[in-house]
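> Got a predicted structure plus its sequence, pasted below:
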Amino acid sequence: MEEEIDALVIGAGFAGLYQLYSLRDRLGLSTRLLEAGDDLGGTWYWNRYPGARCDSESHAYRYFFSKELNEEWEWTERYPGPPEILKYLGRVAEKFDLRRDMRFGCRVVSARYDEGANRWVVETAAGERYAATYLVAAVGCLSSANVPDIPGLRDFAGQWFHTGRWPHEGVDLAGKRVGQIGTGSTGIQAAPVIAQSAAHLTVFQRTATYSVPARNAPLTPEFNRWVRENHAEIRAVAESTPNGHAFRIADRNVADVTPEERRAIYEAAWEKGGLQFRATFRDLLVNQAANDTACEFIKGRIRAIVRDPETARALADVDHPYATKRPPIDTGYYETFNRDNVTLVDLRADPIECIMPRGIRTRSREHALDVIVFATGYDAMTGALLAIDIRGREGRSLRDDWRAGPHTYLGLQVPGYPNFFTITGPGSPSVLTNMPVAIEQHVEWITGCIAHLRRNGIDAIEPDPEAVRRWDAHVEEAANATLLSKAKHSWYYGANVPGKPRVFMPYAGGLARYRAICADVAAKGYEGFLLGRTPVARSASMGEFAEARGVGV
Ligand code: N01
């Protein structure tokens, strides 16, 4: 017997909590939230690895929708860590009485659209069933852990962990020989902290990257007062910039300043720390020559910090323009390689061959290890959605429909899956932004859309395949207009997961522009969407869509 409700939300991170609140308390819908983890927090529930910390600055890493919440909540550090973020989300759940409609330990395994009943039938791993008119996936963009299939892992005699599934009780690394595979944002945060307790840390680097100091620090009472008094301004900035952060991109090109001025600008940004480094010039992500100057500056810093010339060379041997892979920020990452107990292995020169019971064998030698840490990232953006067997009209399957890459309209809906919404789905700015700001926009758009349907007695909504085609093309065009398209080996292209289609997944046109597009679509009566279950209009469109993609319906 299934529980009948109006709306079902999957995932209890920033997105799911706000969606539950919005549908239940603003629209008055009976709403349930299902979460695989044993508590709320989403990415912050799972990511408890050493050094885990948010890369967005805390004053803009929050919901803005509630003035009261903003006034009562104060962050303690420039970049909050998981315990404080979980405390914040716990406070949100308490303040809005969300827990009574949340179910934990419920992994959704399938969601099937019953066309006759116009309901989504959702089933959990434990066999519980729910039937809802609206289904919202708030499953996160970076939640499906990617553990590379390296031969021999099963026979490893030590312990191994993926950073995104780190044991909540912690791992005692004292006196252990630790091997860390991966040097993305996570690995760069983890290595300095692991090195402090491990007997030895070996960092296995496949692709060098550019990192800028985070310069985390406790927040002063003065700063927090300023934040309290300026929420509206902070929000306005975050909502009007391309990346959803509370800082503006400088209105100048690299060529507008002299080399000395440029150096001073980079130095000041390096000292200030954080993702603002990317905002020093407006053409860093669109002009290769401009980008080269940032690359050179950072490479120079790496060489100046790291004492061993060969290690410095490998760390500075970056093969892509700055910020075309997600730029990490760090606390003492490069300095870590000056420690006696830390070694870098350059996998480009000495690739991993296999994992042995006692360590990792690279082409040239064996590295004895007690613990392997996989900081190897995620099956990003589509992984968590496709982990669920999602079936739309006529039994069509999302796994099949996205075999060649995701197709969405605005990253919000998929053709053939009526009343199914994705928060920060592929095709939306999502991972290129400060997530809570992108999430708020999506949740509010979805809530407004459902309100529109109910007000007007419309029983279903799904995108017009033609609009999806145009949006897919626009997403590709937006990426190609930037240097992001020069890092084809990034996870933005799905390149980190063997066999995954190479499609640029997030929307690179900027959050502010995207917001305007979404608002315009809604203002025009949901232009590009098919409203209502009108079989004739729908089957004509589906035929067209299938034809264009060369598949049968
Ligand atoms: O994952 P990644 P991440 N053999 O995919 C390497 C967000 N985030 O967890 O580059 C050897 O970026 C891989 O090498 P390569 C943020 O959006 C946010 O670090 O594919 N190496 C790379 O070095 C970020 O971008 C915060 O050649 C292998 C690393 O593993 C996203 O999460 C903090 C390998 C994976 O890097 C993902 O970051 C942390 C193999 N078989 C992360 N497979 C915040 O603070 C992979 N690698 C908010």
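Structure's in. What do you need?
> which helices and strands sit right next to the top helix by length along the chain?
What stands out as the longest helix in the chain, according to DSSP state H, is helix 435-455. Where contact means 3 or more Cβ pairs under 8 Å, 6 or more residues apart in numbering; DSSP states H and E, helix 435-455 is packed against helix 14-21, helix 231-240, helix 511-523. Placement of C-beta: from N, CA and C, glycine included.
> okay, those, which one's buried deepest?
The highest average neighbour count among the helices and strands packed on helix 435-455, using mean count of other Cβ atoms under 10 Å, belongs to helix 14-21 at a mean of 28.
> mind saving the C-alpha coords of the next helix-or-strand element following that one as PDB?
Scanning forward in sequence from helix 14-21 by DSSP states H and E, the next helix or strand is strand 31-34. This file holds the C-alpha atoms of strand 31-34, laid out as PDB (Å, rounded to 0.1, in the frame of the first residue of the first chain):
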ATOM      1  CA  THR A  31       4.800  16.800   1.100                       C
ATOM      2  CA  ARG A  32       7.300  14.100   2.200                       C
ATOM      3  CA  LEU A  33      11.000  14.200   1.900                       C
ATOM      4  CA  LEU A  34      13.000  10.900   1.600                       C
END
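> What strands flank strand 31-34, and is each parallel or antiparallel?
According to DSSP bridges, strand 31-34 has the following sheet partners: strand 3-10 (parallel), strand 102-103 (parallel).
> got a list of contacts for the shortest one?
The list of residues contacting strand 102-103 from outside it, by Cβ atoms under 8 Å, 6 or more residues apart in numbering, reads 12, 20, 32-35, 40, 93.
> Make a markdown table from the residues you listed and add pLDDT and distance to E57 to it.
Output for the contacts of strand 102-103, formatted as a markdown table (pLDDT from 0 to 100; distance: Cβ to Cβ, whole Å):
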| residue | pLDDT | distance to E57 |
| --- | --- | --- |
| A12 | 98 | 24 |
| L20 | 98 | 26 |
| R32 | 98 | 33 |
| L33 | 98 | 28 |
| L34 | 98 | 31 |
| E35 | 98 | 27 |
| L40 | 98 | 23 |
| A93 | 98 | 23 |
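> Reformat the residues you listed as TSV; add distance to A481.
Listed next are the contacts of strand 102-103 as TSV, based on distance: Cβ to Cβ, whole Å:
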residue	distance to A481
A12	36
L20	36
R32	41
L33	37
L34	39
E35	38
L40	38
A93	40
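> out of the residues you listed, which are buried?
Buried by 16 or more other Cβ atoms under 10 Å: 12, 20, 32-35, 40, 93, out of the contacts of strand 102-103.
> one step back: between the helices and strands packed on helix 435-455, which one is closest to the ligand.
helix 14-21 (11.2 Å; Cβ to the nearest ligand atom).
> which other helices and strands contact that closest one?
strand 3-10, strand 31-34, helix 82-95, helix 435-455.
> what about that helix and the ligand, touching?
No. Using Cβ under 6 Å from any ligand atom, we find that helix 14-21 stays clear of the ligand, coming within 11.2 Å at best.
> could you dump that helix to CSV, C-alpha only?
Provided in CSV are the C-alpha atoms of helix 14-21 (Å, rounded to 0.1, in the frame of the first residue of the first chain):
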residue,chain,number,x,y,z
PHE,A,14,20.0,22.6,1.1
ALA,A,15,17.8,21.9,-1.8
GLY,A,16,15.5,19.4,-0.3
LEU,A,17,14.9,21.2,2.9
TYR,A,18,13.9,24.4,1.2
GLN,A,19,11.7,22.6,-1.3
LEU,A,20,9.9,20.8,1.4
TYR,A,21,9.3,24.0,3.3
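> and it with helix 435-455, angle?
30 degrees (axes from the mean of the first three to the mean of the last three Cα atoms, to 10 degrees).
> quick one, helix 14-21 and helix 82-95 angle?
0 degrees.
> Give me the distance from helix 14-21 to the chain's centre.
16 Å (Cα atoms, centre = their mean, to the nearest Å).
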